[in-house]
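Engineer: this is a predicted model, with the sequence first.
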Amino acid sequence: MPAIWRTSAHDECASDIMSVMTQLPDSAVPPSHPEPQPPAAEPKRRRGTTILVSAVVAILAGILLSQTVTTVATPDGGAAAEAGRWWSLLPPLLAIGLALVTRQILPALFVGIWLGAWLVQGLTAPAIATSLLDSAGVYVVDAIAEPDHVMIITFTLMIGGLVGILRKNGGTDGIVRIVTRWASTPRRGQVATSTLGVAVFFDDYANTLVVGNTMRPITDRLRVSREKLAYLVDSTAAPIATLALLSTWIGFQVVLIDDAIADTDLTVNGFAVFVESLKYAFYPLLAIGLVFAVSLTGRDFGPMLHAERRARTTGEVSRKDAAVGLRPVEDELTPPDAAPRRLLNAVVPIVVLVAVTIGGLFATGEGNSPIEIVGDADPFSSLLWGALLAIIVAAVMSVGQGILTLDEVIMAWFAGVKSVLYVIIILTLAWALSQLTSELGTAEFVAGALGDTMPLFLLPAVLFVIAAAISFSTGTSWGTMGILTPLAVPVAWAVLDAQGLAAAEGHPILFASVSTILAGAVWGDHCSPISDTTVISSLASQCDVIDHVRTQLPYALFAGGVALVSGLLPVGLGLPWWAALLLSAIVVVAGLIVVGRRSDVARPEPSAATEYSR
C-alpha cells in the first residue's frame with residue numbers, strides 16, 4: 001500500500017476526495033507523487049466546524065460524565081473510574097463516532113485514547129491535561145515498547161521494503177508477463193486480470209497499481225470496459241491480501257488478534273487463531289469466486305452489464321464524460337525501462353520468505369500436529385527471519401544482475417517502508433486504545449449486558465454488519481480492524497463464557513467472529529467511495545471513481561448478502577464451515593446465472609490480433 005496515497009485518502013474528508021477524483025485536471029499526477037488541489041473553502045469550513053462542534057460536545061459530555069462516574073481509590077492515593085461499568089464503552093464509541101464524522105481515523109483513535117486515560121485518572125479537571133500528555137507519553141509509548149509489538153512493527157516495515165524491491169527490480173512485472181501472454185479474447189482478458197490479481201497477493205496497493213496499469217492496454221484492445229477492469233482489480237486486491245498467510249496485512253491482523261485473545265483461555269497464539277478463522281472468511285472468498293465466475297461465464301448484471309455492452313458494441317471502454325485522468329498512474333517504484341522483467345526476481349525471494357517462515361514456525365513450536373506446532377510457535381520471529389533473508393536475497397539478485405545499483409535498492413526498500421508507515425501508526429494507536437479498554441473493563445461490561453440476551457448464532461453476522469458499516473463510512477479497513485478487534489473478540493469470548501460455551505465446542509463461533517471483523521472491514525472498504533483502494537483502483541484502471549463505485553456496488557452487495565445469509569447465519573446455527581462455504585458458492589454461481597446476462601450477445605468476441613481504436 002503506497003504510504004502517501006494511503007495517508008491522503010484517509011485524512012481527507014469525503015467531499016474533498018470526491019471533488020478531486022471526479023474532476024481531475026490536465027495536470028493530474030500519480031498517487032505516489034500527489035500534488036493535492038486546495039479544497040474548496042466551504043467544505044473545509046464545514047469540516048472544521050464539524051470537528052469543533054464534536055470537540056465541544058465531547059468536552060461537555062465529559063463534564064457531565066464526571067458528575068456521574070463512580071470512582072475508586074488507587075494505590076497512590078488518587079482516583080480512577082470504576083472498571084466494568086457503562087462508561088467503559090465511551091473510549092471506543094467516541095473513536096468510532098469521530099471516525100464516522102471526520103473520516104479521519106488517526107485523530108479519532110487518539111481522542112479515544114485521551115478519553116480512556118481521563119477515565120482512568122478519575123475525570124477530574126486537572127486530569128484533562130495530564131491524561132492528554134499520558135495518552136502519548138504513557139499509553140502510546142507502552143504500546144510501542146512491548147517486545148512482541150516491536151517485532152511486528154519491524155516485520156511490517158521489512159515486508160513493505162521487500163515489496164518495494166520486488167517492484168523496482170521488475171520481478172513483479174515478470175509475474176505479470178506470464179499471465180498476460182494468454183489473454184486473447186475479452187473472456188480470457190478478464191480471467192487473466194483476475195488471475196494476476198490473485199498472483200500479486202503480498203500487498204493490495206502493489207496489486208492495484210501493477211494489475212491496473214499492466215492490464216489496461218490489453219483490456220482496452222479487447223473492448224473490456226474500464227469499469228469492469230476496476231472491478232476485477234479492486235475485488236481481488238484486498239480479499240487476497242487479507243487471506244494470504246504472507247502479506248503486508250498478516251502482521252497487522254495477527255497482532256490485533258494476539259492481543260485480543262490475551263485474556264481468554266485459548267492456549268494457541270494469534271497466528272493459529274487467524275489460520276483457523278480463514279475457514280469462515282466467507283466474504284473475501286466469495287468476492288474472489290464471484291470475480292472468476294463473472295470472468296468465465298461472461299455474465300454481468302446491473303450498471304456493469306450496460307458498461308460492458310457499451311464497450312463491446314461501440315469500442316468506448318469509458319463513459320463519454322468520464323473523468324479518467326489524462327495519463328497512466330505511475331509511482332516511484334516503477335522499474336527502469338531497461339530493467340529485464342524476470343519472473344525469478346520475484347519468485348525466488350518470495351519462496352525464501354515462505355520457506356524460512358514455515359521453517360521458523362516448525363523450529364520454534366511443539367506439538368503433535370501442524371496446527372498444534374504453529375499454535376505453539378513464535379510467529380513474529382519466524383516472519384521477521386523470513387522477511388530479512390528475503391530482502392537480502394532480493395537485493396543480491398538485483399545488484400548482482402546489474403538491474404539496480406545498491407543506492408537504488410536502498411531507495412526502493414525505503415519507498416516500500418514508507419508504504420506501511422500509516423499502518424504502523426494505526427496499529428500503535430489501536431494497541432494503546434486496546435490497553436485502555438482492558439483497564440476499564442469494556443469487554444466485561446458488554447459481555448455482562450449481552451451474555452444472556454444476545455442469541456449466540458447472531459454474533460458473527462452482527463459483527464460483520466457493524467464492521468462493514470464502519471468501514472464503509474470511514475473508508476478504511478485497517479482502521480476498522482484496529483478499532484473493533486480489540487473490543488469485539490474479548491466480548492465474543494465473554495458471551496461464549498456466559499452461556500457455558502467457552503470450551504472447544506464454542507470455538508467455531510469465536511473463530512467466525514474474528515474472521516467476520518476482517519471480512520466486514522474489507523466489504524466496507526470495497527464499497528466506500530472514499531476508500532483509498534477504491535480511488536487507486538479507479539486511477540490505475542483509468543476509470544471514473546463514481547462509475548467504479550456504481551458498477552461494483554451491486555456485486556459487493558450480492559457477495560456480502562450471500563456471505564451473511566448462506567454462510568454466517570448457518571454457521572452460527574451449527575452448520576459446518578465447509579458446508580456453509582459450499583452452500584454459499586452454489587448460491588453465488590446460481591444467482592449469477594439467473595440474474596446475469598451475457599455482455600457480448602450483440603457482437604462476437606474480438607481476438608487479440610484485432611486492434612481497436614477507442
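Structural biologist: The structure has been received and is ready for your questions.
Engineer: could you chop this protein up by domain?
Structural biologist: 1-34+184-323+416-603, 38-145 (automatic domain parsing).
Engineer: give me the residue ranges of the stretch 451-600 of the chain where confidence is low.
Structural biologist: 451-454, 473-475, 502-506, 530, 532 (pLDDT under 70).
Engineer: ok, which stretches of it are strands?
Structural biologist: With DSSP state E, counting those that start in this stretch as the criterion, the stretch 451-600 of the chain has strands at 597-598.
Engineer: same check, this time on the chain
Structural biologist: Taking DSSP state E to define them, one finds strands in the chain at 71-73, 79-81, 299-300, 597-598.
Engineer: most tightly surrounded among the domains of the chain?
Structural biologist: Highest mean neighbour count among the domains of the chain (mean count of other CB atoms under 10 Å): domain 1-34+184-323+416-603, with a mean of 22. C-beta coordinates here come from the backbone N, C-alpha and C atoms, glycine included.
Engineer: tell me the centre residue of this structure?
Structural biologist: Nearest residue to the geometric centre of the chain (CA atoms, centre = their mean): residue 477, 4.3 Å.
Engineer: hang on, isn't it packed against residue 525?
Structural biologist: Yes. With contact defined as CB atoms under 8 Å, residue 477 reaches residue 525; the gap is 3.8 Å.
Engineer: can you list residues touching both of these two?
Structural biologist: 238, 471, 531 (CB atoms under 8 Å, 6 or more residues apart in numbering).
Engineer: who's in contact with the first one?
Structural biologist: Looking back up the chat, that one is residue 238. 204, 284, 477, 522, 525, 526, 533.
Engineer: now swap in the second one and tell me
Structural biologist: Applying CB under 8 Å, 6+ apart, one finds that residue 471 lies in contact with 477, 479, 480, 520, 521, 522, 523, 524, 525, 528, 531.
Engineer: ok, now how distant is it from residue 398?
Structural biologist: 36 Å (CB to CB, to the nearest Å).
Engineer: returning to what we had before: please tabulate the domains of the chain in a markdown table, including the columns distance to residue 407.
Structural biologist: Formatted as a markdown table, the domains of the chain follow (distance: least, CB to CB, whole Å):
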| stretch | distance to residue 407 |
| --- | --- |
| domain 1-34+184-323+416-603 | 15 |
| domain 38-145 | 30 |
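Engineer: coming back round to it: any chance of the contacts of residue 238 in TSV, plus distance to residue 381?
Structural biologist: Shown next, in TSV, are the contacts of residue 238 (distance: CB to CB, whole Å):
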residue	distance to residue 381
204	25
284	27
477	27
522	28
525	30
526	34
533	30
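Engineer: let me know the closest of the residues you listed to residue 226.
Structural biologist: residue 533 (16.5 Å; CB to CB).
Engineer: so residue 533 touches residue 235, yeah?
Structural biologist: No. Counting by CB under 8 Å, residue 533 sits too far from residue 235 to count as a contact (10.2 Å).
Engineer: which residues are in contact with each of these two?
Structural biologist: Shared contacts of residue 533 and residue 235, defined by CB under 8 Å, 6+ apart, comprise residue 526.
Engineer: in the stretch 151-300 of the chain, which spans are helices?
Structural biologist: Under the criterion DSSP state H, counting those that start in this stretch, the stretch 151-300 of the chain contains helices at 171-180, 186-199, 204-221, 226-243, 250-260, 270-277, 282-297.
Engineer: one step back: reformat the shared contacts of residue 477 and residue 525 into JSON lines and put distance to residue 293 next to each item.
Structural biologist: Converted to JSON lines, these look like this (distance: CB to CB, whole Å):
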{"residue": "238", "distance to residue 293": "18"}
{"residue": "471", "distance to residue 293": "24"}
{"residue": "531", "distance to residue 293": "24"}
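Engineer: wait, which of those is closest to residue 94?
Structural biologist: residue 471 (18.0 Å).
Engineer: setting aside sequence neighbours, what's the nearest residue to the closest one?
Structural biologist: With sequence-adjacent residues excluded and distances taken as CB to CB, 6 or more residues apart in numbering, residue 471 is closest to residue 524, at 2.5 Å.
Engineer: so who does that neighbour touch?
Structural biologist: Contacts for residue 524 (CB under 8 Å, 6+ apart) come out as 467, 468, 469, 470, 471, 472, 473, 474, 477, 480, 531.
Engineer: same check, this time on residue 408
Structural biologist: Residue 408 neighbours (CB under 8 Å, 6+ apart): 168, 398.
Engineer: just the pLDDT at it, thanks.
Structural biologist: Looking at residue 408, its pLDDT is 91.
Engineer: how about residue 58?
Structural biologist: On the pLDDT scale, residue 58 gets 52.
Engineer: got it, and residue 180?
Structural biologist: 68.
Engineer: remind me which residues of the stretch 251-400 of the chain are low pLDDT?
Structural biologist: Ranges of the stretch 251-400 of the chain meeting pLDDT under 70: 323-331, 369, 371-372, 374-376.
Engineer: same thing but 50
Structural biologist: 325-330 (pLDDT under 50).
Engineer: got the phi and psi for residue 281?
Structural biologist: Phi and psi for residue 281, reported as degrees, to the nearest 10, are phi -80, psi 60.
Engineer: quick check: residue 495 vs residue 459, distance?
Structural biologist: Taken as CB to CB, the span from residue 495 to residue 459 is 6 Å.
Engineer: ok, how many other residues are close to the closest residue in space to residue 409 that isn't next to it in sequence?
Structural biologist: Sequence neighbours aside, residue 395 is the residue nearest to residue 409 in space, at 4.9 Å (criterion: CB to CB, 6+ apart). For residue 395, the neighbour count with other CB atoms under 10 Å is 21.
Engineer: so residue 395 touches residue 166, yeah?
Structural biologist: No. Judged on CB under 8 Å, residue 395 makes no contact with residue 166 at a distance of 10.7 Å.
Engineer: shared neighbours, the two?
Structural biologist: With contacts taken as CB under 8 Å, 6+ apart, residue 395 and residue 166 have no neighbour in common.
Engineer: so who does residue 169 touch?
Structural biologist: Applying CB under 8 Å, 6+ apart, the residues near residue 169 are 335, 339, 345, 394, 397, 398, 403, 404, 409, 412.
Engineer: now the first one, nearest residue through space, not along the chain?
Structural biologist: Spatially, and ignoring its direct neighbours in sequence, residue 335 is nearest to residue 170 (4.1 Å; CB to CB, 6+ apart).
Engineer: again with the third one
Structural biologist: Using CB to CB, 6+ apart and skipping residues adjacent in sequence, the residue nearest residue 345 is residue 171, 3.4 Å away.
Engineer: distance check, the one you found against residue 341.
Structural biologist: 8 Å.
Engineer: now the closest residue to residue 278 other than its chain neighbours: how far from residue 469?
Structural biologist: Nearest residue to residue 278, sequence neighbours excluded (CB to CB, 6+ apart): residue 243, at 6.3 Å. Going from residue 243 to residue 469 by CB to CB gives 22 Å.
Engineer: that concludes my questions; thank you for your assistance.
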